[in-house]
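*Asks:* Provide a 3D model corresponding to the input given below.
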Amino acid sequence: MHRRNTGRGSDIASLLVAAALVCGLVPQARQWLELHSSSIAAIAVGALAVGTLVLLLMKAGRRGATGWATRRQRPDSWDIRILDGLHHSQFEEAVRDLMRRDGALDAVRVGGAGDNGADVKGTDPEGRRWVIQCKHRRDGAAGAAVGTPDLHVLNGTGRPVHGGDVVVLVTNGRFTGPAVQFARSQRLHLVDRRTLNQWASGHQPLWDLLPHLPAPRGGGSRFRRRQ
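*Replies:* Got it, this is the predicted structure:
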């Protein structure tokens, strides 16, 4: 009993001390607020603005990720502006998905460190093995043109390393004149911005858009085109 009364007395004493401190501090706090009201208002407005900006950026990021995930389910609806806004890895995924849409059901993205010049590989319905390198330009046609150095790498690995029948470089930008000439001399196929837009936004597979493809291979019938 005595111990319990001592505890109550200690609690009451603590409350009294706290009340005294509050009574002493409230007038000082009120005076400080009156003197610094304009500064506090500016700080509050700034904090509100920063918080709003952070929320908007988070919302935009979620909306962008969701939008790309939704569009990936419908690759036949893409246009070139959608592809312009992608990260380079997403651009490679888009090319892979377009190949799958058109019947290369085994198409895979292999881009990354040690890819030996290939970003996407797949087999078309005629049995031809496609090896594709992707060059994304954030500024589209206004970005740097793809030149012969990139084609040298692809030409050196597309057939001997990856076993490609059709070796392609795809970009949402453009190619230099020397790159076009080199591609013709080495039987490389180029997909520039115009052809890419035609492929992605239309319903023709890439093998119907490119000229001078190799003859079909046997065994391609198992990769039937999706209806």
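*Asks:* domain parsing for the chain?
*Replies:* What automatic domain parsing lists as the domains of the chain is 2-70, 78-222.
*Asks:* Count the neighbours of the closest residue to V166 other than its chain neighbours for me.
*Replies:* Nearest residue to V166, sequence neighbours excluded (Cβ to Cβ, 6 or more residues apart in numbering): W130, at 4.8 Å. C-beta: built from backbone N, CA, C; applies to glycine. Around W130 there are 24 other residues, counting by other Cβ atoms under 10 Å.
*Asks:* What is the helix or strand encompassing W130 packed up against?
*Replies:* Assessed by DSSP states H and E, W130 sits inside strand 129-135. Contacting strand 129-135 under the criterion 3 or more Cβ pairs under 8 Å, 6 or more residues apart in numbering; DSSP states H and E are the following elements: helix 88-101, strand 120-123, helix 148-157, strand 166-171.
*Asks:* so can I have JSON lines of the ones you listed showing mean neighbour count?
*Replies:* Shown next, in JSON lines, are these (neighbours: other Cβ atoms under 10 Å):
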{"stretch": "helix 88-101", "mean neighbour count": "21"}
{"stretch": "strand 120-123", "mean neighbour count": "24"}
{"stretch": "helix 148-157", "mean neighbour count": "17"}
{"stretch": "strand 166-171", "mean neighbour count": "24"}
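*Asks:* Save these as CSV, and put in mean pLDDT and distance to L210 too.
*Replies:* Shown next, in CSV, are these (pLDDT from 0 to 100; distance: least, Cβ to Cβ, whole Å):
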stretch, mean pLDDT, distance to L210
helix 88-101, 96, 13
strand 120-123, 97, 14
helix 148-157, 96, 15
strand 166-171, 98, 8
